[in-house]
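Trainee: Got a predicted model here, sequence first, then my questions.
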Amino acid sequence: MPGLHIYLAGPDVFWPDAREAGAAKVTLCDRYGCTGLFPLDSELDLQELSPYDAGLAIYRANIGLMQRADLVIANMTPFRGPSMDVGTAFELGYMAALGKPVWGYSLDGRLYSDRVAGEDAEIDSDGMTIERFDMADNLMLIGAIEDSGGRLISDTAEHSLDAHLAVFEKVLRLALDRA
């Protein structure tokens, strides 16, 4: 549906080419008649702020973008561990709590449990039970997507900008078809 505002969540903001990645996703949104809201596009003057206050300013700007958005598309590819980026998980939950559709994609097609300890392990190296619900990530995240009417698209692909954009575009088309 044209005119929608889509919050573009993910650890993409930490990539060396973060602005290029964000601009490419925003361009795809434009092509489909909607507006992509990428966190790094916020006009923030952080130079005079302490690191702590800069962090709070970024948080508040992202909250403002999410409140403007009609839905979220989250990059749920594992980041710095077997699960998705924790900040992105917060954003996904925040949007779900607002009652907005939550969509996601991952370039790791394995189940969460397989990423944690392999196919047969029930206990991790710290003695903790590994959740085995045949889900791509934590059940609360997948549940938020399912209950919001969204969908997670998982693909096994290299971690390149082109691969991310290809899967992102698939999710974008699906989200717009259901809007």
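Mentor: Everything's here; your move. Numbers count the residues shown, from 1 in each chain.

Trainee: where along the protein do the helices fall?
Mentor: In the chain, the segments counted as helices under DSSP state H are 18-31, 51-68, 86-97, 112-117, 139-148, 161-178.

Trainee: if you average pLDDT over each of those, which comes out lowest?
Mentor: Among the helices of the chain, helix 112-117 carries the lowest mean pLDDT, at a mean of 88.

Trainee: neighbouring contacts of it?
Mentor: 78, 82-83, 108, 121, 123-125, 130-138 (C-beta atoms under 8 Å, 6 or more residues apart in numbering). Using the backbone N, CA and C atoms, a C-beta is placed for each residue, glycine as well.

Trainee: Ok, stretch 18-36 next?
Mentor: 1-6, 8, 12-13, 15, 38-41, 161, 164-165, 168-169, 172-173, 176.

Trainee: hang on, the earlier thing: PyMOL command for the buried members of the contacts of helix 112-117?
Mentor: In PyMOL syntax, the buried subset of the contacts of helix 112-117 is picked out as below (16 or more other C-beta atoms under 10 Å):
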select buried, resi 78+82+83+108+130+135+136+137
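
Trainee: Please list all residues in contact with the residue nearest the centre of the chain.
Mentor: In the chain, the C-alpha nearest the mean C-alpha coordinate belongs to residue 74, at 2.0 Å (C-alpha atoms, centre = their mean). Residues counted as contacts of residue 74 (C-beta under 8 Å, 6+ apart) are 9, 10, 84, 88, 91, 92, 102, 103, 104, 105.

Trainee: coming back round to it: quick one, which of the helices of the chain is nearest to residue 154?
Mentor: Closest approach to residue 154 among those (C-beta to C-beta): helix 161-178, 8.5 Å.

Trainee: Run a quick neighbour tally on residue 24.
Mentor: 20 (other C-beta atoms under 10 Å).

Trainee: How much space separates it from residue 164?
Mentor: 9 Å (C-beta to C-beta, to the nearest Å).

Trainee: How about residue 29?
Mentor: Distance of residue 29 to residue 164, given as C-beta to C-beta: 14 Å.

Trainee: Which strand residues bridge the closest residue to residue 136 other than its chain neighbours?
Mentor: Leaving aside its chain neighbours, residue 136 sits nearest to residue 154 (5.2 Å; criterion: C-beta to C-beta, 6 or more residues apart in numbering). Residues in a beta bridge with residue 154, per DSSP bridges, are residue 106.

Trainee: Looks like residue 154 contacts residue 134 (just checking).
Mentor: No - using C-beta atoms under 8 Å, residue 154 makes no contact with residue 134, being 11.9 Å away.
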